[in-house]
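Engineer: My questions are about this predicted structure, shown below with the sequence.
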Amino acid sequence: MSNHYFIAISVERLHSELKTLQQSLDTSLFKHIVHPKDFHITLMFLGEATEEQLGDLRVRLKEITRNITPFEITPTSIGVFGKLSQPRVLYVEVEKSKSLEELHELVVESCAEAGFKKDTREYRPHITLAKKWKDPEKKIGRNMPEIKKKSHEIQSIGLFRVSPSDSPRYKCVERYDFKK
């Protein structure tokens with residue numbers, strides 16, 4: 001299998017809070033529980049990439065991040081992709097902000113310019129806690145815990161490589177700091 005990549009915001013400062021939240025939920029009905037060190041907010045999934053594409057992308061990401069100032073993100077609630085009773089993905093929703101939307105647009109445009117397929121779906125910032133429902137006979141409860149709506153400063157983005165056989169499975173291969 002060739003390497004797959006994505007661009008994301010690491011949420012290292014939230015690992016402890018998210019792990020506690022994850023443990024308070026019944027994630028036993030999911031095939032994959034996300035390792036706390038793998039928590040992130042995806043900006044763009046790239047899939048397979050050539051060295052040429054990655055080289056071009058690295059230059060573009062350095063360019064865009066040097067003009068971005070740190071900004072805040074706010075986790076808001078627990079959500080799901082798929083049916084509420086048997087979701088494909090259980091996640092923490094992140095409030096859309098102007099800064100986050102602009103960053104996402106810049107990243108998507110940079111990826112397209114570097115030769116990656118443009119994702120046209122609506123951007124829904126989130127942090128995945130668990131995925132792949134495993135028992136069609138069981139259903140998840142509807143009572144989800146409340147989340148403390150506490151903002152956290154974001155100072156960089158990263159280019160990550162997916163290593164499915166490792167735990168944690170995502171490795172940041174390059175980080176791009178925002179201007180201070």
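Structural biologist: That came through fine.

Engineer: quick one, what contacts Ser77?
Structural biologist: 92-93, 144, 146-147 (C-beta atoms under 8 Å, 6 or more residues apart in numbering). Quick note: C-beta positions are derived from backbone N, CA and C, even for glycine.

Engineer: which residues of this structure score low on pLDDT?
Structural biologist: Residues of the chain that meet the criterion pLDDT under 70 lie in 1, 141-143.

Engineer: which one in it is furthest away from the centre?
Structural biologist: Computed with C-alpha atoms, centre = their mean, the residue of the chain farthest from its C-alpha average is Glu137, at 29.2 Å.

Engineer: What spatial separation is found between it and Gln53?
Structural biologist: From Glu137 across to Gln53, the span is 44 Å (C-beta to C-beta, to the nearest Å).

Engineer: so the most centrally placed residue in the chain is in which element?
Structural biologist: Residue closest to the average C-alpha location in the chain (C-alpha atoms, centre = their mean): Ile41, at 2.5 Å. According to DSSP states H and E, Ile41 maps onto strand 40-48.

Engineer: got it, and Leu129?
Structural biologist: Going by DSSP H and E, Leu129 is in strand 126-133.

Engineer: now the helix or strand following that strand: how far from the chain's centre is it?
Structural biologist: Per DSSP H and E, strand 126-133 leads on to strand 152-154 as the next helix or strand towards the C-terminus. The gap between where strand 152-154 is centred and where its chain is centred comes out at 14 Å by C-alpha atoms, centre = their mean, to the nearest Å.

Engineer: Strand 152-154: partners in the sheet, and parallel or antiparallel?
Structural biologist: If you go by DSSP bridges, strand 152-154 pairs up with strand 71-73 (antiparallel).

Engineer: how about the strand it pairs with: buried residues?
Structural biologist: 71, 73 (16 or more other C-beta atoms under 10 Å).
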